[in-house]
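Q: Kindly return the folded structure for what I paste below:
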Amino acid sequence: MPRSFPLDHIRNIGIIAHIDAGKTTVTERILYYTGKTYKIGEVHEGTTVMDWMEQERQRGITITAAATTCHWKEHRVNIIDTPGHVDFTAEVERSLRVLDGGVVVFDAVAGVEAQSETVWRQADKYSVPRICFINKMDRVGADLHRCLSMIEERLRARPFLVQLPLGSESSFRGVIDLLENKAWVFDGQIDSKPQETAIPQTEQEKSDRYRQALIEKLAEEDDHILSTYLEGGDITANDIKTALRKVTLANKGIPVLCGSALKNKGIRLLLNAVIDYLPSPLDMPPVTAIRVKTGEEVIRIASDEAPFAALAFKVVADPFVGRLVYLRIYSGRIKAGAQVFNSTRRKKERIGRLVLMHANRYEEASDADTGSIIAAMGLKETFTGDTLSEATQQVVLESICFPEPVLSVAIEPKTRADRDKMGEALQKLAEEDPTFKVTYNEETGQTVISGMGELHVEVIISRLLGEYKVSANVGNPRVAYKEAITASARAEGRFVRQSGGRGQYGHVCIEMEPMKRGSGFEFVNKIKGGALSKPFILAAKNGIKEAMETGGSVGYQVIDVQVTLYDGSYHEVDSSELAFKMAGSIAFKKGFNRAHPVILEPVMKLEVITPGQFLGDVVGDISSRRGRIDLIETRGETSTIRCKLPLAETFGYTTVIRSLTQGRATHSMEFYQYRELPAELASELRDKAIGKK
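A: Next up, the predicted model:
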């Protein structure tokens, strides 16, 4: 069956940015100009297509990444509009894992903001080629050149300016195309096309200067441009475009465009840039996979003829059609009704229906080919990060890593009927969101839900009470502290039970050592001469991991520990895997108490932008919250404060900052790292834990 679009005519892109930079507004204009929608939705009116969830429309922010497909200049463009708020960073992470290119939107006034840096780092991690769109050029204080400086300094990127603004702030009326040496003027009307015009005489000298700078910059990266430049030849717009594409695909530079999405200025030119500079699946390196049976590395090239391989990157529990699994197909093709193999979980699955998503609406598809982003129904055992492949060609693609939750809330159902309803709803929400965790506290009998921040947990609870109609009592937010060790220790774990007949016997000796923050858990097997069999060693390891999860002296999860199993003994008859699991757990708990344990607290990166007159009050408040100021930058009448602040001190900060600055300051926060809790506060926590017991 022939492809509807050649592979080189497909673009899989994400719209990424800091909160309020205008991602969703840009996406809504793209959908309108590509003919996907007949009416432009507005964020402030709650009428956007991509922010379809009730919570999104109420709050005016994007919470979940929404996918859609549109067409421009005989190309198929698959778009994912991602959230800007740090609490929903998992949506950006999984989107960037499966996308080929990105459009990074910046506010022309604010420039590079805190979350801009986070999404940029995520894009760097997956080597995603990008173009930049400086939005809101019509706002008071818009400064394109400041944005470029910030991109260079804070993101350590190499911007290639391809457009200059015509006019500034309220007089912004168009752009100068440095490649074509002409200007485009917009009148701001929805259906008006950009008017091509000559560059105004007053701007010609500036335009020539910037075009020359662009060519010189490209000459450093492209041999053809360099040789033509040195020979004094004519460098055409096509030459520049070809060189820019190469630079972008190699992640050596970022084309920069400008406009105003809300005023419908510059979106068509942005779409042209997506086609011109961002990669097709053929431009991306072939994906590397691991063969399940042999563990060897194999390559899956982007071709319909190659063996089928797809990554599940998102799960959605749709109230009308049931469970939807979003797939990115890297190689091969698949038909509705086909049987596939979940290589991650070693299970056969059947794809019921295939649908092309348009936010929360969809259209049926009979099949999907290489490069597609598609949703499948009928996959019961497939979760985020799983690989689907052919049963005869089982491979596992690189999965997706998500950060651990930092904030917890206890929740109790009001009635027995609510308990069943709540269990089902929490399971669906946890499947959808990998950064949302549900645990049951045996001691208190409470269900504890954990997320990435106050807003994340608040949205989950709102969905639970509103969308899933669960009646429940909700506790106050609690910080997800962790525990760690600061010294090495040895311990012996012995589990012996004799009650007539076959007993239980397990005995292990371990050594524990602290590891660098963020290293996780490492298990080293130093058993020699077959003193213990492999199943017993594995059981001891599982017992140690379980003890770490259960918590140390205060009951918080233990992190960043290396455990070495160096000795042990077993009984020919009485030893079992259960006994060694218990022995491993006993040894870990003994060793932990000897290894000078400490409590760790999550620390957040906070950025506050405030009018200068309130700077002293804001800095004083941050200091009173155990905050450490890293930088204070003043520009005009506005000051930017960047600092580190313990999460425990941030509850209700939004209300405080509003009252301190008469509602004129803005702030953003993201997780930074775990740090040791001061001794006095750690002692209070331990006393509380002993009191509870």
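Q: quick one: low-confidence parts of the stretch 351-500 of the chain?
A: Applying pLDDT under 70 to the stretch 351-500 of the chain flags residues 359-360, 441-445, 499-500.
Q: mind listing the helices for it?
A: Secondary structure of the stretch 351-500 of the chain, counting by DSSP state H, counting those that start in this stretch: helices at 416-432, 454-462.
Q: export those helices to JSON lines and tack on mean neighbour count and distance to residue 618?
A: In this view, the C-beta of every residue, glycine as well, is placed from N, C-alpha and C. Shown next, in JSON lines, are the helices of the stretch 351-500 of the chain (neighbours: other C-beta atoms under 10 Å; distance: least, C-beta to C-beta, whole Å):
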{"stretch": "helix 416-432", "mean neighbour count": "16", "distance to residue 618": "35"}
{"stretch": "helix 454-462", "mean neighbour count": "20", "distance to residue 618": "19"}
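Q: Name the SS class of the nearest residue in space to residue 280 that is not next to it in sequence, please.
A: Leaving aside its chain neighbours, residue 280 sits nearest to residue 8 (4.6 Å; criterion: C-beta to C-beta, 6 or more residues apart in numbering). Under the three-state scheme (DSSP: H, G, I helix; E, B strand; the rest coil), residue 8 adopts helix.
Q: Could you do residue 582 as well?
A: Per three-state DSSP, residue 582 ends up helix.
Q: Residue 274 too?
A: Quick answer, by three-state DSSP: residue 274 is helix.
Q: Verify the stated contact: residue 283 with residue 12.
A: No - applying C-beta atoms under 8 Å, one finds residue 283 not in contact with residue 12, separated by 10.9 Å.
Q: Tell me where the stretch 551-693 of the chain is predicted with low confidence.
A: 689-693.
Q: The same query, at a cut-off of 90, please.
A: 551-557, 570-576, 602, 604-612, 631, 633-640, 647-659, 661-674, 679-693 (pLDDT under 90).
Q: so who does residue 589 touch?
A: Residue 589 makes contact with 547, 552, according to C-beta atoms under 8 Å, 6 or more residues apart in numbering.
Q: Mind doing that once more with 6 Å?
A: Contacts for residue 589 (C-beta atoms under 6 Å, 6 or more residues apart in numbering) come out as residue 547.
Q: In three-state terms, label it for me.
A: helix.
Q: Excluding residues flanking it in the chain, which one is nearest the residue most central in space within the chain?
A: A centroid search over the chain (C-alpha atoms, centre = their mean) returns residue 93, at 2.4 Å, as the residue closest to the centre. Of all residues beyond its chain neighbours, the one nearest residue 93 is residue 122 (5.7 Å), with distances taken as C-beta to C-beta, 6+ apart.
Q: Only the buried residues of the helix or strand containing that neighbour, if you could.
A: Residue 122 belongs to helix 114-125 when elements are defined using DSSP states H and E. Across helix 114-125, burial judged by 16 or more other C-beta atoms under 10 Å covers 114, 115, 116, 117, 118, 119, 120, 122, 123.
Q: with these in mind, which one is nearest to residue 348?
A: residue 122 (33.2 Å; C-beta to C-beta).
Q: Which residues are in contact with residue 254?
A: 130, 132, 157, 159.
Q: Would you report which members of those are assigned to strands?
A: 130, 132, 159 (DSSP state E).
Q: List the residues that contact the second one.
A: Contacts for residue 132 (C-beta under 6 Å, 6+ apart) come out as 104, 254, 256.
Q: Quickly name whichever of those residues is closest to residue 393.
A: Of the contacts of residue 132, the one sitting nearest to residue 393 (C-beta to C-beta) turns out to be residue 104, at 36.1 Å.
Q: which helices and strands does the one helix or strand that closest one maps to pack with?
A: In this assignment (DSSP H and E), residue 104 forms part of strand 101-107. Packing partners of strand 101-107 (3 or more C-beta pairs under 6 Å, 6 or more residues apart in numbering; DSSP states H and E): strand 10-17, strand 130-135.
Q: Quickly, which of these bottoms out on average pLDDT?
A: Mean pLDDT is lowest for strand 10-17 among those, at a mean of 88.
Q: what angle sits between that one and strand 130-135?
A: Strand 10-17 and strand 130-135 meet at an angle of 50 degrees, taking axes from the mean of the first three to the mean of the last three C-alpha atoms, to 10 degrees as the criterion.
Q: Show me just the buried residues among the contacts of residue 254.
A: Applying 16+ other C-beta under 10 Å to the contacts of residue 254 flags 130, 132, 157, 159 as buried.
Q: my guess is the last one meets residue 150, correct?
A: No - using C-beta atoms under 6 Å, residue 159 makes no contact with residue 150, being 9.8 Å away.
Q: what's the spacing between residue 273 and residue 142?
A: As judged by C-beta to C-beta, to the nearest Å, residue 273 and residue 142 stand 20 Å apart.
Q: Can you tell me which helices and strands the longest strand seen in the chain packs against?
A: In the chain, with assignment by DSSP E, the single longest strand is strand 597-611. Other helices and strands packing on strand 597-611, by 3+ C-beta pairs under 6 Å, 6+ apart, are strand 482-485, strand 638-646, strand 666-676.
Q: sorry, back to before: quick one, phi/psi of the residue nearest to the centre of the chain?
A: For residue 93, the backbone dihedrals (degrees, to the nearest 10) come out as phi -60, psi -50.
Q: Give me the pLDDT value at it.
A: Residue 93 is assigned a predicted lDDT (pLDDT) of 82.
Q: do the same with residue 56
A: Note for residue 56: predicted pLDDT of 50.
Q: Same question for the one 10 residues further on.
A: As summarised for this prediction, residue 66 has a pLDDT of 73.
Q: Nearest residue to residue 99 in space, please, no chain neighbours.
A: Closest to residue 99 by C-beta to C-beta, 6+ apart is residue 14, at 4.6 Å.
Q: okay, the buried residues of helix 114-125 in a markdown table with pLDDT and distance to residue 178 next?
A: Converted to a markdown table, those look like this (pLDDT from 0 to 100; distance: C-beta to C-beta, whole Å):
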| residue | pLDDT | distance to residue 178 |
| --- | --- | --- |
| 114 | 74 | 30 |
| 115 | 76 | 29 |
| 116 | 82 | 24 |
| 117 | 82 | 27 |
| 118 | 80 | 30 |
| 119 | 85 | 26 |
| 120 | 87 | 24 |
| 122 | 85 | 29 |
| 123 | 88 | 25 |
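Q: still on that earlier bit, if I take the longest strand of the chain and strand 666-676, what angle do their directions form?
A: 160 degrees.
Q: Any buried residues in strand 597-611, and which?
A: So for strand 597-611, counting by 16+ other C-beta under 10 Å, buried means 597-610.
Q: Partner strands of it, with direction?
A: Strand 597-611 has these partner strands in its sheet, going by DSSP bridges: strand 482-485 (antiparallel), strand 638-646 (antiparallel), strand 666-676 (antiparallel).
Q: hang on, residue 260 packs against residue 133?
A: No - under the criterion of C-beta under 6 Å, residue 260 is not in contact with residue 133, lying 10.3 Å apart.
Q: if you count what's nearby, which of those two comes out ahead?
A: residue 133 (28 against 23; other C-beta atoms under 10 Å).
Q: which residues touch the more buried one?
A: Contacts of residue 133 by C-beta under 6 Å, 6+ apart are 103, 105, 257, 270.
Q: Repeat the analysis, applying 7 Å as the threshold.
A: Residue 133 makes contact with 26, 103, 105, 257, 259, 270, according to C-beta atoms under 7 Å, 6 or more residues apart in numbering.
Q: Could you do residue 407 as well?
A: Contacts of residue 407 by C-beta under 7 Å, 6+ apart are 450, 451, 453, 454, 457, 477, 479, 480, 647.
Q: SS state for residue 552?
A: coil.
Q: For residue 682, see how far away it is.
A: 12 Å.
Q: Between the two, tell me which one has more neighbours.
A: residue 552 (24 against 19).
Q: which stretch of helix or strand covers residue 142?
A: Following DSSP H and E, one finds residue 142 outside all helices and strands.
Q: Let me know which of the strands paired with strand 597-611 is the nearest to residue 246.
A: Nearest of the strands paired with strand 597-611 (C-beta to C-beta): strand 666-676, 33.5 Å.
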